[in-house]
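Engineer: Need a 3D model of the sequence below.
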Amino acid sequence: MINLEKEIREQPNVLATLKEKNRDALSSLVNELKVKGVDNVYLVARGTSDHACVYAQYLFGIVMGMPCTLGTPSIFTQYGKTIKFNNSLVVGVSQSGRAVDVTDVLKAANEQGMTTLSITNNESSLVAKASKYHLFCNAGEEKSIAATKTFTSQLYLFSLLCAEWSENKELMGALDVLPEQFEEALEYLPCEAEKAAEQILKYNEAVVLGRGLAYPIALEGALKILETNRMKVKGYTISDFYHGPVAQLHANDLAIVLAQGGVMLDDAEKMLSKLKSVGAKTVVITDVEDIENSDFTIHIKNTGNESTLMYLMALALQLIALKLVLAKGIDPDKSNVIAKITVTK
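Structural biologist: All right, here's what the predicted structure looks like:
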């Protein structure tokens, strides 16, 4: 079994460990946030970790009404300037914990007396040591170039923080049952992903579309497919796709659409109608039974919570990337272009 598949399948077990593993750190962090009355979040990351931060922006905004800024580390590292933080939680996210630019932002926040948090898969890393608090992904070594289990563990840690900070019992309950739902999804989604891959094989490029909480999953899914399959793939939010990018799609071009039930479903259905009108081919990932204008549909069992449904949508896209490399005979664990750990300054 290649590392990519092995690590995809490890995710339920990883998620099941995170609440207990981070219980003490999370409790101390939330206590400080409440005592200080912290009322905004500044997030800094790169790559896959950046997509986890976009998810956090939506989650904290929806659940807590909390403004979250996605940081610009080049201001610190290249321009030699700093940001004036104001009663902020400053969060640095890095799978390896070796991101120099993320570390510099955390150090600047420490100097201003802000509460700082790191989320990494290395407890002794540069980034972990640069923050007052650390939440551990506990994912074990990730050998495949494409991050899978570290991405969902980052989502889970952000979700735990949001649930604990907001005292949201519904979200916490959804997180408690998610590992079991993830395990169940691994029984039926691989077959569905293989069928979807058969539809996608002939394409050399595609777009992945989603809105709201599904937008960062679209970004991450596009990254998983392009970095493993040598395809040109880009993720967009559905709302922005109307503003120009839709012009790139013509008859028989491919769009993968994330269509979660709830308030965002109408937008997804309107986009599918638009895509049909130009003759584009569509693969839809959804928890909704009846979706019109889809050429192929992957149905996901509803988790009962939109924020945790996103983990299963991410899993579906990971599995599509996996089934594509297996069909093409590509080794996803090796690349002449990208490395597993990329250090930016």
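Engineer: Quick check: which element contains G235?
Structural biologist: strand 232-237 (DSSP states H and E).
Engineer: Only the buried residues of the helix or strand just after that strand, if you could.
Structural biologist: Of the helices and strands lying after strand 232-237 in sequence (DSSP H and E), the nearest is helix 238-241. Residues I238, F241 are the ones in helix 238-241 that count as buried (16 or more other C-beta atoms under 10 Å). For glycine as for every other residue, the C-beta is placed from the backbone atoms N, C-alpha and C.
Engineer: neighbouring contacts of the following helix or strand past helix 238-241?
Structural biologist: Once helix 238-241 ends, the next helix or strand along the chain (criterion: DSSP H and E) is strand 254-259. Contacts of strand 254-259 with the rest of the structure, by C-beta atoms under 8 Å, 6 or more residues apart in numbering, involve 200, 203, 205-210, 214, 217-218, 221, 238, 249, 265, 268-269, 271-272, 275, 280-286, 288, 291, 294, 313, 317, 320.
Engineer: rewinding a little: okay, the angle between the strand holding G235 and strand 254-259?
Structural biologist: In terms of direction (axes from the mean of the first three to the mean of the last three C-alpha atoms, to 10 degrees), strand 232-237 departs from strand 254-259 by 30 degrees.
Engineer: Give me the helices and strands touching strand 232-237, please.
Structural biologist: strand 205-210, helix 214-229 (3 or more C-beta pairs under 8 Å, 6 or more residues apart in numbering; DSSP states H and E).
Engineer: Remind me what the last one packs against, helices and strands.
Structural biologist: Just to be clear, that refers to helix 214-229. helix 47-64, strand 205-210, strand 232-237, strand 254-259, helix 306-328.
Engineer: Quick one: closest of the ones you listed to L157.
Structural biologist: helix 47-64 (8.7 Å; C-beta to C-beta).
Engineer: Check which helices and strands the helix or strand following that closest one is in contact with.
Structural biologist: Note on helix 47-64: by DSSP H and E, the next helix or strand toward the C-terminus is strand 68-70. Where contact means 3+ C-beta pairs under 8 Å, 6+ apart, strand 68-70 is packed against strand 40-44, helix 47-64.
Engineer: what lines up beside strand 68-70 in the sheet?
Structural biologist: Strands that pair with strand 68-70, judged by DSSP bridges, come out as strand 40-44 (parallel).
Engineer: quick one, the partner strand and helix 47-64 angle?
Structural biologist: On the basis of the same axes, to 10 degrees, strand 40-44 is oriented at 170 degrees to helix 47-64.
Engineer: Not counting strand 40-44 itself, show me its contacts.
Structural biologist: 53, 56-57, 60, 66-71, 73, 83, 85-93, 101-102, 105-106, 109.
Engineer: Selecting buried members of those residues in PyMOL, what would you type?
Structural biologist: With 16+ other C-beta under 10 Å as the criterion, this PyMOL line picks the buried residues out of the contacts of strand 40-44:
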select buried, resi 53+56+57+60+66+68+69+71+73+83+85+88+89+90+91+92+93+101+102+105+106+109
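Engineer: thinking again about what came up before, and the strand holding G235, which strands flank it?
Structural biologist: Here, using DSSP bridges, strand 232-237 pairs with strand 205-210 (parallel).
Engineer: Where does pLDDT dip in the protein?
Structural biologist: Scanning the chain for pLDDT under 70 picks out 335-345.
Engineer: one more time with 80
Structural biologist: Along the chain, the model assigns pLDDT under 80 to residues 333-345.
Engineer: List the residues that contact the residue nearest to the spatial centre of it.
Structural biologist: Nearest to the mean C-alpha position of the chain, counting by C-alpha atoms, centre = their mean, stands A52 at 4.1 Å. By C-beta under 8 Å, 6+ apart, the residues touching A52 are A45, V93, I119, F151, Q154, L155, F158, P216, E220.
Engineer: so the residue nearest to A251 when sequence neighbours are not counted, which of the three states?
Structural biologist: Leaving aside its chain neighbours, A251 sits nearest to G279 (3.2 Å; criterion: C-beta to C-beta, 6 or more residues apart in numbering). Classification of G279 by DSSP: H, G, I helix; E, B strand; the rest coil places it in coil.
Engineer: Perfect, I'm done here.
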